[in-house]
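> what's the 3D shape of this:
(one chain, ligands or ions: 1)
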Amino acid sequence: MSLVFVLLRKQYHGLVLLLLCFGHYYCHVPTTLEGPFEPVTVPFDPALRGVAVDLPDTDPRVRRQVQGFQPEQISLSLSTTHDSVWVSWITGEFQIGYYINPLDPKAVSSVVHYGTSRTSLVHETRGQSLIYNQLYPYEGLQNYTSGIIHHVRLTGLEPSTLYYYQCGDPSLQAMSDIYYFRTMPISGPTNYPGKVAVVGDLGLTYNTTTTIKHLTSNEPDLLVLIGDVSYANLYLTNGTGSDCYHCSFKKQTPIHESYQPRWDYWGRFMQNLVSKVPIMVVEGNHEVEKQAEDREFVAYSSRFAFPSEECGSSSTLYYSFNAGGIHFIMLGAYTNYARTGEQYKWLERDLASVDRSVTPWLVAAWHPPWYSTYESHYREAECMRVEVEDLLYSYFVDIVFSGHVHAYERSNRVYNYNLDPCGPVHITIGDGGNRERMAINFADEPGHCPDPSSTRDPYMGRFCVTNFSFGPAVSKFCWDRQPDYSAFRESSFGYGILEVKNETWALWSWYRNQDSYNEVGDQIYIVRQPHLCPVYQEKCREYSASI
Ligand SMILES: [Fe+2]
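Residues are numbered from 1 along each chain as shown. Next comes the predicted model:
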């Protein structure tokens, strides 16, 4: 047998181990069954730049490439099941200035022609259109009104099928080129999308373009974006930007401004990928974008299509969907998550309705992590954890994805800070490449444990952090070494790919931007053990009996 030289970069306690793999089958990828693992920290490589630079508005990738009411910023997103997909796009030009004249959304129809043959787009579906405004009623601040945003929901689609489509308004002879997408497999314990790409805190920098180039080369079937999208709110309404808004502008402006054209730039740059690969987005703190009359999340809620109505949610800020045998739950961290609130009640209903014999994998995602050990945003989402963790644990969520912290971290299976074989694996993947600084310090390093009072996030409401009441860090706010629940952490830009193999095994791979395309930075098989953690079946039976 020939020797196949696959070098896996693994660093344990500062030692670099090169694992020689003798043929594909002899490479050992660790599994969670072998865990919990000793915590590993890969030291920050100073050669990596800790900051990233935004694409300027002169970059051809963010410039408007269409005329009149031709569609642009075309994107896809999933509905709750395989047979339905949303198509979204924008027509007409945005305006920004002291005086704006919003477009009439009825002026352009929302039509999609589609079919299974490029030469025969025999089906037609119509949808809805809207515009949104970002208004700042303060002297000297400019207002924004969007182009016409179109959302059309295709239904009656076959599973695992390639569809071609064209969108626009045929009466205006303003139809797009022909694009294509593949529907998700029908939900079932043996049916899964090939690759689900996961990324957070993406932004629109030269590092973002590297992330998306790498990610695209991996040919994902679905893209999940865990919040913090365009970073338009790092800009004033006059288009002046900064890596740190509060450092640069806080005292100069009566409200946290946002430069909405950055959203259009982001939509133009992303079209090449998301016109073919569905993108599912959940909001981060950069999507709050408060404006006149205290309106929030307007750009986020207007620009993307969400399967909220289809999944019984009354909000764009939290929803769920199926991708084959995976049930995704997207939660809102910057809206009410209290047990008495609408989101929590929806979450209870959604979890109880999941049939694990159909969708064995339960994956949850929200923006700020619960189990990050970086100094940045350390324990910032503790109130949400206290409120929601028990419910998710009682249904044995398998994996949790978060962003917000601009680095990578993978936990051991954990619940309430204790190692627990039935707790989820928490993965922080906020390393998409935005212009804010990379997180490189850890709360367990000398001098880097934050003051508890400094960890409050005004967007998350209450303040819940306390010193640990048990464990090695009892009576302290931070551990004095990498916590046991942290399995692997490294500061680098990148993204991840989730490949569910069957109803109990899934391969998780983290890729770093500076590596070659097929080299992994971290890889593990996440293995479900339903025989060990069977309580959900009782929960489902209880729910079924109650309705
Ligand atoms: Fe964030």
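> could you list the buried residues of stretch 159-168?
Residues of stretch 159-168 classed as buried by neighbour count (16 or more other C-beta atoms under 10 Å): 159, 163-168. Every residue, glycine included, has its C-beta placed from N, CA and C.
> over to stretch 113-123?
113-114, 121, 123.
> can you give the distance of it from its chain's centre?
31 Å (C-alpha atoms, centre = their mean, to the nearest Å).
> do stretch 224-234 as well
Remark: stretch 224-234 is offset 9 Å from the chain centroid, using C-alpha atoms, centre = their mean.
> can you check stretch 93-100 too?
That offset, for stretch 93-100, works out to 30 Å (C-alpha atoms, centre = their mean).
> same thing with stretch 272-291?
The answer for stretch 272-291 is 8 Å, by C-alpha atoms, centre = their mean.
> say whether the ion is contacted by it.
Yes: Stretch 272-291 is in contact with the ion by C-beta under 5 Å from the ion, via 284-285.
> at the contact with the ion, which residues of this structure appear?
Taking C-beta under 5 Å from the ion as the contact definition, the chain meets the ion at 228, 284-285, 404.
> and the residue of the protein closest to the ion?
Going by C-beta to the ion, the ion is nearest to residue 404 of the chain, at 3.9 Å.
> OK, contacts around the residue lying closest to that residue once chain neighbours are set aside?
Nearest non-adjacent residue to residue 404, counting by C-beta to C-beta, 6 or more residues apart in numbering: residue 368, 4.3 Å away. Shown in contact with residue 368 (C-beta atoms under 8 Å, 6 or more residues apart in numbering): 284-285, 333, 377, 380-381, 384, 402-404, 457, 460.
> give me the three-state assignment for residue 368.
Following DSSP: H, G, I helix; E, B strand; the rest coil, residue 368 is assigned to coil.
> please apply the same query to residue 271.
With three-state DSSP as the criterion, residue 271 reads helix.
> can you pull the contacts of it?
Here residue 271 is in contact with 72-75 (C-beta under 8 Å, 6+ apart).
> including pLDDT and neighbour count, could those residues go into CSV?
What follows is those, written out as CSV (pLDDT from 0 to 100; neighbours: other C-beta atoms under 10 Å):
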residue, pLDDT, neighbour count
72, 98, 20
73, 98, 25
74, 99, 25
75, 98, 25
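> pLDDT wise, what is residue 251 at?
Here, the pLDDT recorded for residue 251 equals 86.
> sorry, that was for residue 453
87.
> those strands in the stretch 401-547 of the chain, which residues are they?
For the stretch 401-547 of the chain, applying DSSP state E, counting those that start in this stretch gives strands covering 408-411, 414-415, 418-419, 425-429, 486-490, 494-500, 505-512, 522-527.
> wait, isn't residue 482 in contact with residue 489?
Yes: at 7.3 Å, residue 482 and residue 489 qualify as touching, with contact defined as C-beta atoms under 8 Å.
> overlap in contacts, those two.
Joint contacts of residue 482 and residue 489 (C-beta under 8 Å, 6+ apart) are 39-41, 373, 442.
> just those residues: which are in strands?
Here DSSP state E is the test, and these give 40-41 as lying in strands.
> residue 99: what's it in contact with?
Applying C-beta under 8 Å, 6+ apart to residue 99 gives the contacts residue 143.
> phi, psi of it?
Dihedral pair for residue 99: phi -130, psi 130, per degrees, to the nearest 10.
> that one and residue 295: what is the separation?
20 Å (C-beta to C-beta, to the nearest Å).
> number of nearby residues for residue 86?
Counted by other C-beta atoms under 10 Å, the residues lying close to residue 86 total 21.
> is it part of a helix or strand, or is it coil?
strand.
> the spatially closest residue to it that is not a sequence neighbour - how many residues pack around it?
Distance criterion C-beta to C-beta, 6+ apart; nearest residue to residue 86, sequence neighbours excluded, is residue 305 at 3.6 Å. A count of neighbours around residue 305, defined by other C-beta under 10 Å, yields 27.
> which residue ranges form the helices in the stretch 51-200 of the chain?
For the stretch 51-200 of the chain, no helices are identified by DSSP state H, counting those that start in this stretch.
> excluding its backbone neighbours, what's nearest residue 331?
In space, residue 331 is closest to residue 366, 4.0 Å off (C-beta to C-beta, 6+ apart).
> and the one you found, its phi and psi?
phi -160, psi 170.
> quick revisit: of all the strands of the stretch 401-547 of the chain, which one is nearest residue 471?
Taking C-beta to C-beta as the measure, these were each checked against residue 471, and strand 418-419 came out nearest at 7.5 Å.
> in CSV, list the C-alpha atoms belonging to stretch 381-389.
Only the C-alpha atoms of stretch 381-389 are listed here, as CSV (Å, rounded to 0.1, in the frame of the first residue of the first chain):
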residue,chain,number,x,y,z
ALA,A,381,-24.9,35.9,27.4
GLU,A,382,-25.2,34.4,30.9
CYS,A,383,-28.8,35.6,31.3
MET,A,384,-29.9,33.8,28.2
ARG,A,385,-28.0,30.6,29.3
VAL,A,386,-29.7,30.7,32.7
GLU,A,387,-33.1,31.1,31.1
VAL,A,388,-32.9,28.7,28.1
GLU,A,389,-30.2,26.0,28.8
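> show me the contact partners of it.
With C-beta under 8 Å, 6+ apart as the criterion, stretch 381-389 contacts 331, 333, 337-339, 344, 347, 366, 368-370, 404, 415-416, 455, 457, 460-465.
> again with stretch 61-72
By C-beta under 8 Å, 6+ apart, stretch 61-72 touches 55, 57, 89-93, 107-108, 147-148, 150, 167-169, 172, 174-176, 204, 209, 264-269, 271.
> how far does it sit from its chain's centre?
Remark: stretch 61-72 is offset 26 Å from the chain centroid, using C-alpha atoms, centre = their mean.
> same question, stretch 194-205
Per C-alpha atoms, centre = their mean, the centroid offset for stretch 194-205 relative to its chain is 7 Å.
> in that stretch, which residues are buried?
For stretch 194-205, a neighbour-count test (16+ other C-beta under 10 Å) marks 195-205 as buried.
> now that stretch - C-alpha only, PDB.
Taking C-alpha atoms only, stretch 194-205 is exported to PDB below (Å, rounded to 0.1, in the frame of the first residue of the first chain):
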ATOM      1  CA  GLY A 194     -23.800  16.900   1.900                       C
ATOM      2  CA  LYS A 195     -22.100  19.900   3.500                       C
ATOM      3  CA  VAL A 196     -23.500  22.600   5.700                       C
ATOM      4  CA  ALA A 197     -21.200  25.600   5.900                       C
ATOM      5  CA  VAL A 198     -21.300  27.600   9.100                       C
ATOM      6  CA  VAL A 199     -19.800  31.000   9.500                       C
ATOM      7  CA  GLY A 200     -20.300  34.000  11.900                       C
ATOM      8  CA  ASP A 201     -19.400  37.700  12.100                       C
ATOM      9  CA  LEU A 202     -18.700  37.800   8.400                       C
ATOM     10  CA  GLY A 203     -18.600  41.500   7.400                       C
ATOM     11  CA  LEU A 204     -17.200  42.600   4.100                       C
ATOM     12  CA  THR A 205     -13.500  42.800   4.300                       C
END
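> so where's the protein shaky on pLDDT?
1-26, 50, 535-547 (pLDDT under 70).
> before we move on, the earlier item: the contacts of stretch 61-72, buried ones only, as a PyMOL selection?
Restricted to buried positions by 16+ other C-beta under 10 Å, the PyMOL selection for those reads:
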select buried, resi 55+89+90+91+92+93+108+147+148+150+167+168+169+174+175+176+204+209+264+265+266+267+268+269+271
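> out of the contacts of stretch 61-72, which are inside strands?
Per DSSP E, those map to strands at 89-91, 148, 150, 167-169, 174-175.
> so residue 150 bridges to which residues?
Beta-bridge partners recorded for residue 150 (DSSP bridges): residue 89, residue 129.
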